[in-house]
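Participant: show me the folded form of this:
(one chain, ligands or ions: 1)
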Amino acid sequence: MVVRMRANRSKTGMRRSHAAISSKHVSKCSCGANYISHRACQECGKYNGRMVIDIVARTKREQRRTKKRTTEMRASGRDTGEAKEKETTAKK
Ligand SMILES: [Zn+2]
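Facilitator: Take a look at the predicted model:
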């Protein structure tokens, strides 16, 4: 029995000729970190020499969120990864 709509190897290859993943265009920022071009630098928050992301505010926000998350985890009774690390270090 022959499947009428089945694509042969040649047709499959033709379709997939455009499916390759291209590498991301990475550039070097003035701060020394690598960043993806046409995107703001994740390290210093600059784009084209001008501040776009408020790095200080972002780090503060992240710290606040991690703190909140850990307190919630402790409150719910699940042990966090931090507690385990402390135990292992205490044993040593
Ligand atoms: Zn930068």
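
Participant: pLDDT score assigned to Gly45?
Facilitator: For Gly45, the pLDDT comes out at 88.

Participant: likewise for Lys92?
Facilitator: Per the predicted model, pLDDT is 47 at Lys92.

Participant: quick one: the helices in this protein, in order.
Facilitator: 9-16, 55-76, 81-91 (DSSP state H).

Participant: the ion is nearest to which of those helices?
Facilitator: helix 55-76 (9.3 Å; C-beta to the ion). From N, CA and C alone the C-beta is placed, and that goes for glycine too.

Participant: packing partners for the closest one?
Facilitator: Helix 55-76 is packed against no helix or strand, with contacts defined by 3 or more C-beta pairs under 8 Å, 6 or more residues apart in numbering; DSSP states H and E.

Participant: quick revisit: mean pLDDT lowest for which of the helices of the chain?
Facilitator: Minimum mean pLDDT among the helices of the chain: helix 81-91, a mean of 54.

Participant: and the most centrally placed residue in the chain, what does it touch?
Facilitator: Taking C-alpha atoms, centre = their mean as the criterion, Gln42 is the residue nearest the geometric centre of the chain, at 10.8 Å. For Gln42, the contacting residues are Ala33, Tyr35, Ile53, by C-beta atoms under 8 Å, 6 or more residues apart in numbering.

Participant: around the ion, pick out the residues from the chain.
Facilitator: Neighbours of the ion within the chain, by C-beta under 5 Å from the ion: Cys29, Cys31, Ala33, Cys41, Glu43, Cys44.

Participant: the last one reaches Ile55, doesn't it?
Facilitator: In other words, Cys44. Yes: using C-beta atoms under 8 Å, Cys44 is in contact with Ile55, at 6.4 Å.

Participant: cool, thanks, talk later.
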